[in-house]
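Enquirer: sequence isn't available, so here's the structure alone:
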């Protein structure tokens, strides 16, 4: 009896080792997906203008100008437009959207005409935030901040 029981247990162990499991693996393998940013090609146009003396009806403001970081590219501005570094746009705290402004670098007298389409800058001492292409038109982006005059053209 013990002999049969021992033989039976050995056979059972051998047979169970050869069996396959029919239970499916319930852990789902999900690969993490990274967000996709679709960037449309941009046509760059610069509206660099010649320096002219301000007219008596225009208001000239002196201050500091900086430029937007690249992280805002493709995001909505306060006016609802999509921000584009290639366009000649700017942010101002109080001027109405659509206002055209002539910004002139006081050190090299280069100027550019921009359209206000956003709010900012929110850093004390800065008067206007320019898009990257507008900033490059009047100064070196490595400086980061420029002394400028701002003439409201309407």
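Expert: Cool, got the structure. Remember, predicted model here, so these are calculated numbers, not experimental data.

Enquirer: quick one, helices of the chain?
Expert: 2-18, 132-138 (DSSP state H).

Enquirer: does anything pack onto the last one? Which helices or strands?
Expert: Looking back up the chat, that one is helix 132-138. Contacting helix 132-138 under the criterion 3 or more CB pairs under 8 Å, 6 or more residues apart in numbering; DSSP states H and E are the following elements: strand 60-67, strand 100-105, strand 111-118, strand 145-152. Where you see a C-beta, it was placed from the backbone N, CA and C, and this is true even at glycine.

Enquirer: again, only this time at 6 Å
Expert: Helices and strands touching helix 132-138, by 3 or more CB pairs under 6 Å, 6 or more residues apart in numbering; DSSP states H and E, are strand 111-118.

Enquirer: and the contacts of the strand it packs on?
Expert: 47-49, 51, 77-79, 81, 88-92, 95, 97, 99-104, 134, 137-138 (CB atoms under 6 Å, 6 or more residues apart in numbering).

Enquirer: mean pLDDT for the helices of the chain: which is lowest?
Expert: Among those, helix 2-18 has the lowest mean pLDDT, at a mean of 66.

Enquirer: burial measure for residue 71, as a count.
Expert: 7 (other CB atoms under 10 Å).

Enquirer: heads up, I number from 469, so please use that
Expert: Sounds good: first residue 469 from here, last item residue 539.

Enquirer: and the gap between it and residue 548?
Expert: 19 Å (CB to CB, to the nearest Å).

Enquirer: could I have the buried ones of the contacts of strand 579-586 as ChimeraX selection syntax?
Expert: Applying 16 or more other CB atoms under 10 Å to those leaves a buried subset, and the ChimeraX line that selects it is:
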select :545,547,556,557,558,559,560,563,567,568,569,570,571,572,602,605,606
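
Enquirer: contact partners for residue 557?
Expert: Applying CB under 6 Å, 6+ apart, the residues contacting residue 557 are 582, 583, 585, 599.

Enquirer: any idea which helix or strand in the protein has the lowest mean pLDDT?
Expert: strand 516-517 (a mean of 46; mean pLDDT, DSSP states H and E).

Enquirer: I'd like the contacts of residue 557 as JSON lines, with neighbour count, pLDDT and distance to residue 617 appended.
Expert: Output for the contacts of residue 557, formatted as JSON lines (neighbours: other CB atoms under 10 Å; pLDDT from 0 to 100; distance: CB to CB, whole Å):
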{"residue": "582", "neighbour count": "29", "pLDDT": "97", "distance to residue 617": "13"}
{"residue": "583", "neighbour count": "19", "pLDDT": "96", "distance to residue 617": "18"}
{"residue": "585", "neighbour count": "22", "pLDDT": "94", "distance to residue 617": "21"}
{"residue": "599", "neighbour count": "26", "pLDDT": "93", "distance to residue 617": "18"}
